[in-house]
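Visitor: build me a model from this:
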Amino acid sequence: MRVIDTVYSDTVSHTDNASGKLTYVLLTSGYRAHPLDLAVADKYYALRDKVTGRMVDSNTDRKADGTGFSSPIGDNTTDLADASSNSLTAGAGTGQVFDAYTKRGYFLDFPDTGEKGLSSVIVLFGQVFFTTFVPTSTAPANACSANIGQSFGYALNLVSADGVIDWDLDSDIDVADRRHSLGAGLSSEPLPIFTDAGVKIITGLQQSVQALSDTNTNSVLRTYWYEDQN
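Guide: Predicted coordinates for the structure are as follows:
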């Protein structure tokens, strides 16, 4: 799970949170102890919290005065936008728009039977990366063979859920580009590699390393510190 503070001033209408500041909690669901389960309905979730600063308890009852929402977030389309087939930008797909900040986040249903998230989500430069695992739906013919399944990598925009990499090489980045086959086996969580040329996202798979992104040349600033002893 990742918790991300964001400040956005894009085309989304911030009607009930004028500053555009939100905290995102990002996670994939999946039962690590049973990776071969097929009867599952796992998802990727991007949950939003409108309170990004210190919470106030004006009457000292040890309960925050307000969080912007009056009840826990439900796993339903009342609280969460369904971005499984559409991005959340105006005119995309069926025209579902992630505007007015009325929803408390969004989710993606994983498309394959038994598909589940078994590793952490990472975020870099407003882009979300994670991997999933899909077990083989039929038992191996040889009882001594392992069900190694298949892994997929996901890369999408944090706010809009659009794809960010042209994985299908059709010169158009859309929702079809959010997911990419990594190969057989169970992959590791995405790992950022920081180089002089930029940042590249990789994941380990069986006896190989797969790239989840091209090198991102956005600036990464070195941070230095020192201990001053008087």
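
Visitor: just the helices in this protein please.
Guide: For the chain, applying DSSP state H gives no helices.

Visitor: point out where it drops to low pLDDT.
Guide: Along the chain, segments meeting pLDDT under 70 span 1-21, 51-53, 66-70, 89-102, 139-146, 215-226, 230.

Visitor: tell me the contacts of the most centrally placed residue in the chain?
Guide: Of all residues in the chain, the one closest to the mean position by CA atoms, centre = their mean is residue 128, 4.7 Å from it. Shown in contact with residue 128 (CB atoms under 8 Å, 6 or more residues apart in numbering): 26, 46, 121-122, 154-158. The C-beta positions use only the backbone N, C-alpha and C, and glycine is treated the same way.

Visitor: most neighbours among those residues, which one is it?
Guide: Most neighbours among these, by other CB atoms under 10 Å: residue 46, with 26 neighbours.

Visitor: surely it touches residue 107?
Guide: Yes. If you go by CB atoms under 8 Å, residue 46 and residue 107 touch, sitting 7.4 Å apart.

Visitor: correct me if wrong: residue 64 contacts residue 58.
Guide: No. Using CB under 8 Å, residue 64 makes no contact with residue 58, being 9.6 Å away.

Visitor: comparing these two, which shows the higher neighbour count?
Guide: The neighbour count for residue 64 versus residue 58, taken as other CB under 10 Å, is higher for residue 64 (12 against 8).

Visitor: with adjacent residues omitted, what lies nearest to that one?
Guide: Excluding its sequence neighbours, the residue lying closest to residue 64 (CB to CB, 6 or more residues apart in numbering) is residue 55, at 4.0 Å.

Visitor: what's the separation between that neighbour and residue 61?
Guide: According to CB to CB, to the nearest Å, residue 55 stands 13 Å off from residue 61.

Visitor: with residue 46 instead?
Guide: Following CB to CB, the distance that separates residue 46 from residue 61 is 31 Å.

Visitor: other residues contacting stretch 190-203?
Guide: 119-120, 122, 124-125, 129-131, 151, 153, 155, 182, 187-189, 204, 209-218, 220.

Visitor: one step back: where does the residue nearest to the centre of the chain sit relative to residue 180, distance-wise?
Guide: Taking CB to CB, one finds residue 128 at 14 Å from residue 180.

Visitor: what do these two both touch?
Guide: Contacts common to residue 128 and residue 180, judged by CB under 8 Å, 6+ apart, are 154-155.

Visitor: the residue nearest to residue 64: neighbour count?
Guide: So residue 55, with other CB under 10 Å, has 10 neighbours.

Visitor: distance of it from residue 26?
Guide: Taken as CB to CB, the span from residue 55 to residue 26 is 21 Å.
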